[in-house]
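# Sequence plus the predicted model coming up.
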Amino acid sequence: MEKPVFIALDFPNKEETITFLNKFPNEQLYVKVGMELFYQEGPEIIKEIKAYGHKIFLDLKLHDIPNTVYRAMKGLARLNVDLVNVHAAGGSEMMKAAIEGLEEGSGDGVRPKCIAVTQLTSTTEEQMQREQQIKESLIDSVYHYAKLAKDSGLDGVVSSVHEANLIRKIDENFLIVTPGIRLANDQVGDQKRVANPRYARLQGATAIVVGRSITGKKDPYEAYLTVKNEWELVE
Ligand SMILES: O=C(O)c1cc(=O)[nH]c(=O)n1[C@@H]1O[C@H](COP(=O)(O)O)[C@@H](O)[C@H]1O
């Protein structure tokens, strides 16, 4: 995979999604389909988006018992998406089951890459320690989950930009996908661990995920080009 900007297609239905995609003529995009859109439109939306030739990250953050995740991933692999994810907190058995399911479902084809969410970018260290009863620092927790994901055979992780540099030490080819991206003067909203695209690249992220900083703008195409320039113009 190159160094993509995944646009988060967090829309309530197919119509709004198609209207949005039509604002990007002649661009081959990397897009992320998450729970909001997938739960409304189902697997059909994947076919619709594939018809544009875009690469797809199907972000359903699986977190369940290994057998259930194995079976779910077997089905998702048949959608021919490029990237899927799980929560690392589901454990190593679950993550290994996810990979097995993807391999099985892909048959002779290439299986989708699979990455693990470490600590959500909407979580602060204080929240994590108080609510998840994790005693260590947030960066240690993220590193621990990244190591667990790597040892379980996953292709990478989702983390914030602020942990990317440390995770990179685990493996230079590990995918580090970082959401929580904002341009200068954008509202942060529910995100807690945020950064701009340029800093994400400098910290060694493989890919960034950008939602509202593009989709919420009056001119999403212009915002996309700004993000892409910031992300790519780092010497
Ligand atoms: O797995 C994800 O994509 C994800 C993980 C995470 O820790 N934080 C996070 O924000 N995301 C997703 O990334 C997108 C961020 O959206 P914006 O905050 O609008 O840029 C959303 O679709 C989230 O579901």
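The structure has been received and is ready for your questions.

# This protein against the ligand: which residues are in contact?
Contact residues, the chain versus the ligand (Cβ under 6 Å from any ligand atom): 8, 10, 34, 59, 61, 85, 117, 120-121, 158, 179-181, 191, 209-213. C-betas here are computed from N, CA, C, even on glycine.

# Give the other helices and strands that the strand ranked longest in the chain contacts.
Secondary structure of the chain per DSSP state E: the longest strand is strand 55-62. The contact analysis (3 or more Cβ pairs under 8 Å, 6 or more residues apart in numbering; DSSP states H and E) places strand 55-62 against strand 30-33, helix 35-41, helix 44-50, helix 66-77, strand 83-87.

# Kindly recompute the last result at 7 Å.
When contacts are defined as 3 or more Cβ pairs under 7 Å, 6 or more residues apart in numbering; DSSP states H and E, strand 55-62 sits against strand 30-33, helix 44-50, helix 66-77, strand 83-87.

# got the contact list for the first one?
Contacts of strand 30-33 with the rest of the structure, by Cβ atoms under 7 Å, 6 or more residues apart in numbering, involve 4-9, 45-46, 49, 54-59, 209.

# what's the burial count for the residue in the chain that the ligand sits nearest to?
Here the chain gets closest to the ligand at one residue, residue 211, 2.5 Å apart by Cβ to the nearest ligand atom. By the measure other Cβ atoms under 10 Å, the count of residues near residue 211 is 19.

# now residue 124
13.
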